[in-house]
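Undergrad: below are the sequence and a predicted model for it; my questions follow.
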Amino acid sequence: MNQEKLIEDMIRETLMKLGLGSDQVKADTFETSTNTANQRDLNPDRDYPLATKRPDLVKTPRGKNLASITLNNVLTGEITSDDLRITGETLLMQAEIAEGVNRPQFANNLRRAAELTRIPDERILEIYNALRPYRSTENELLDIAGELENKYSAKINAGFIKEAAEVYKRRNRLRTE
């Protein structure tokens, strides 16, 4: 890795830990996390459950370790509600473990969930409502799919939205313009 890329990665990571990163920084950082998680070679017998057997691998979205989640730290504000959310990286590690026990469908669900950690909650609710029958046009759904893919690097979820647009069109469940 060249020095410029290393510095860029360090800046992204620092911004994320400070909560100052843009959505694109989050997506780029997640791509790095995805690669790291896939290289861990997790063993279900040795490493599951992660929180018990490998707490060193589990971090909060703000980079805190599990041991720092204490009542005292909550009361002093050191731990916030943001620290109680699961990270995409943890979900990807769980997916790797699920594959290790021959549960590929569950692993795929965990990967989809990992992608969703990059999308703001408010936007997920908007997308959910847009997916209800007769709420969106085909173009609106395809625009959402493009946003998921391009802005959040949520390629799996984008594929589901595209598929929904096709099914809604076939079943006449789209809103007419």
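TA: That came in fine, so what should we check first?

Undergrad: make it CA atoms for all contacts and neighbour counts henceforth
TA: Fine.

Undergrad: quick check: Glu166 is in a strand.
TA: No - applying DSSP: H, G, I helix; E, B strand; the rest coil, one finds Glu166 to be helix, outside a strand.

Undergrad: burial of it, as a residue count?
TA: 17 (other C-alpha atoms under 10 Å).

Undergrad: dump the residue contacts of it.
TA: Taking C-alpha atoms under 8 Å, 6 or more residues apart in numbering as the contact definition, Glu166 lies against Glu138.

Undergrad: start the count at 668 instead of 1 going forward.
TA: Okay, using 668 as the starting number, the last item reads as Glu833.

Undergrad: kindly state the pLDDT recorded for it?
TA: The score at Glu833 is 98. That number is its pLDDT.

Undergrad: ok, Glu844 next?
TA: At Glu844 the predicted local distance difference test score is 80.

Undergrad: need the contact list for the closest residue to it other than its chain neighbours.
TA: Setting aside the residues directly before and after it, Glu844 is nearest to Thr804 in space (C-alpha to C-alpha, 6 or more residues apart in numbering), at 6.7 Å. Residues counted as contacts of Thr804 (C-alpha under 8 Å, 6+ apart) are Leu841, Arg842, Thr843, Glu844.
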